[in-house]
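Compute the structure for the input listed below.
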Amino acid sequence: MSWAEDMQKHADYFCKKFDEQEDWFFPDHLEENASYPTAKEDVQRLFAEFGRFIDVEVALEGVREEISLLSKAADDIDQDFCEGVLNDIDLYLENWEGDAADGFRSYLRGQPSIEGALARKRDVVRAAKYAMQAYEKSITSFRDDVLNFVEKAQKGVEAGEVRDAKVMISLASAAVSIGVAAATAGTGVAFIATLAVGDALQTGAAGVNATYLEANSTEQVIGEMGWKGQDILETGRRQMEKVRAGFRAVAESMAGAGMLELSPPRPRLVTDDRFDPGDFHQEDRKPPSRISREDLVEEPKEPDSAPARPTS
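As a prediction, the model looks like this:
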């Protein structure tokens, strides 16, 4: 059963309970019902909004897969592993001299460089993962708030069936701190994107921290559910806006100069027409045969530029 179908089932339950209070032998029940003429419509509307807000299980499956992929990407560019590879390259090329050697070393360790690009990519992947984890937290918090609301309301309905019983529904929101982990991840240049995500996730109102519903009867519980439940939707909307801001922060960290840091210009070594791979050898040890030029890479005319958009 889908999330939307579950929500419809809950709505039908409360509407049925409301109808059960129409007992002609007890006029006070009819009077209570008359006090909430749109109760059933309000309940149906609320749970329809819960169902439309997000398909919880489908969304969670997708977001958890993305988090797993981002974790794998982070492992692939682990700082210690990358530093080891760069050190090996330094060692292999320690006797290489000349302008091409200087250009390549600058490409490897300078600014911008492969070393810097790897650090920035780690930052971007980490930031994207934090934003995705915040998205997961928002979804699960919304789900938990809704299910807690349903459970408390059902208990309230049962208690309200005892005439003049005092019913109190208190619901503390689960979605109040989705940005803390990102904001405390680290400091410095290597955390630019991560810190931007942390700031985005903590900016603005967190939402409605608690919802209270006080009633004396089943009719009153159901009659007030429709608008009391709006607090959950409002909290969910605010949390999702924070998540959107987090993803925007990731994208903005890669724009402009950020793109150059992520993809530094390649050295002339592999793009200059004057480069002859046959000249690339140790002194007094020429290659036994002519080296092919087929794997040389032509310099792109517009490196790192997006394809032109069609004009209308």
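
what about the helices in the stretch 101-250 of the chain?
114-160, 180-183, 192-202, 218-228, 230-253 (DSSP state H, counting those that start in this stretch).

right, so of those helices, which gets closest to E41?
helix 218-228 (7.9 Å; C-beta to C-beta). For every residue, glycine as well, the C-beta is placed using N, CA and C.

one step back: can you tell me which of the helices of the stretch 101-250 of the chain the model trusts least?
The minimum mean pLDDT among the helices of the stretch 101-250 of the chain belongs to helix 180-183 (a mean of 52).

still on that earlier bit, and E261, which of the helices of the stretch 101-250 of the chain is closest to it?
The minimum distance between E261 and the helices of the stretch 101-250 of the chain falls on helix 114-160, with 4.7 Å, by C-beta to C-beta.

and the angle for the closest one with helix 230-253?
180 degrees (axes from the mean of the first three to the mean of the last three C-alpha atoms, to 10 degrees).

Any chance of a markdown table for the helices of the stretch 101-250 of the chain, columns distance to P264?
As requested, the helices of the stretch 101-250 of the chain are exported to a markdown table (distance: least, C-beta to C-beta, whole Å):
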| stretch | distance to P264 |
| --- | --- |
| helix 114-160 | 6 |
| helix 180-183 | 26 |
| helix 192-202 | 16 |
| helix 218-228 | 55 |
| helix 230-253 | 16 |
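
In CSV: those, plus mean neighbour count.
As requested, those are arranged in CSV below (neighbours: other C-beta atoms under 10 Å):
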stretch, mean neighbour count
helix 114-160, 21
helix 180-183, 18
helix 192-202, 24
helix 218-228, 23
helix 230-253, 20
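
and of those, who's closest to Y212?
Here helix 218-228 is closest among the helices of the stretch 101-250 of the chain (C-beta to C-beta), at 7.9 Å.

From the chain's centroid, how far away is that closest one?
Relative to its parent chain, helix 218-228 has a centroid offset of 34 Å by C-alpha atoms, centre = their mean, to the nearest Å.

closest to D99 out of the helices of the stretch 101-250 of the chain?
helix 114-160 (18.5 Å).

Could I get the pLDDT score of the closest residue to E214 other than its chain neighbours?
Using C-beta to C-beta, 6 or more residues apart in numbering and skipping residues adjacent in sequence, the residue nearest E214 is M168, 5.4 Å away. At M168, the pLDDT value in this model is 71.

Could you do the one 4 residues further on as well?
For A172, the model assigns a pLDDT of 67.

In space, what's closest to R248 - neighbours in sequence excluded?
A200 (7.0 Å).

Tell me how far the one you found lies from E214.
37 Å (C-beta to C-beta, to the nearest Å).

same thing with I232?
17 Å.

Could you do S253 as well?
Applying C-beta to C-beta to S253 and E214 gives a distance of 47 Å.

Can you tell me the centre-most residue of this protein?
Residue closest to the average C-alpha location in the chain (C-alpha atoms, centre = their mean): M132, at 2.5 Å.

what residues are up against it?
M132 makes contacts with 63, 66-67, 70, as judged by C-beta atoms under 8 Å, 6 or more residues apart in numbering.

With distance to E241 and neighbour count as added columns, please give those in a markdown table.
As requested, the contacts of M132 are exported to a markdown table (distance: C-beta to C-beta, whole Å; neighbours: other C-beta atoms under 10 Å):
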| residue | distance to E241 | neighbour count |
| --- | --- | --- |
| V63 | 17 | 19 |
| E66 | 19 | 16 |
| I67 | 20 | 17 |
| L70 | 22 | 20 |
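
residues in contact with the closest residue in space to T218 that isn't next to it in sequence?
With sequence-adjacent residues excluded and distances taken as C-beta to C-beta, 6+ apart, T218 is closest to G160, at 3.6 Å. G160 makes contacts with 167, 215-221, as judged by C-beta under 8 Å, 6+ apart.

From these, pick the one nearest I77.
When the contacts of G160 are compared against I77 (criterion: C-beta to C-beta), the nearest one is V221, at 54.0 Å.

ok, that closest one touching G229?
No: applying C-beta atoms under 8 Å, one finds V221 not in contact with G229, separated by 11.6 Å.

Please, which helix or strand holds K16?
helix 3-20 (DSSP states H and E).

Kindly calculate the angle that that helix makes with helix 218-228.
Here the directions of helix 3-20 and helix 218-228 differ by 140 degrees (the same axes, to 10 degrees).

surely D42 meets W227?
Yes: D42 lies in contact with W227 (C-beta under 8 Å); the separation is 6.7 Å.

secondary structure class for R266?
Following DSSP: H, G, I helix; E, B strand; the rest coil, R266 is assigned to coil.

Per-residue pLDDT of it, please?
72.

what's the neighbour count on the nearest residue to it once chain neighbours are set aside?
Among residues not flanking R266 along the chain, Y107 sits closest, at 6.9 Å (C-beta to C-beta, 6+ apart). Neighbourhood size, Y107 [other C-beta atoms under 10 Å]: 20.
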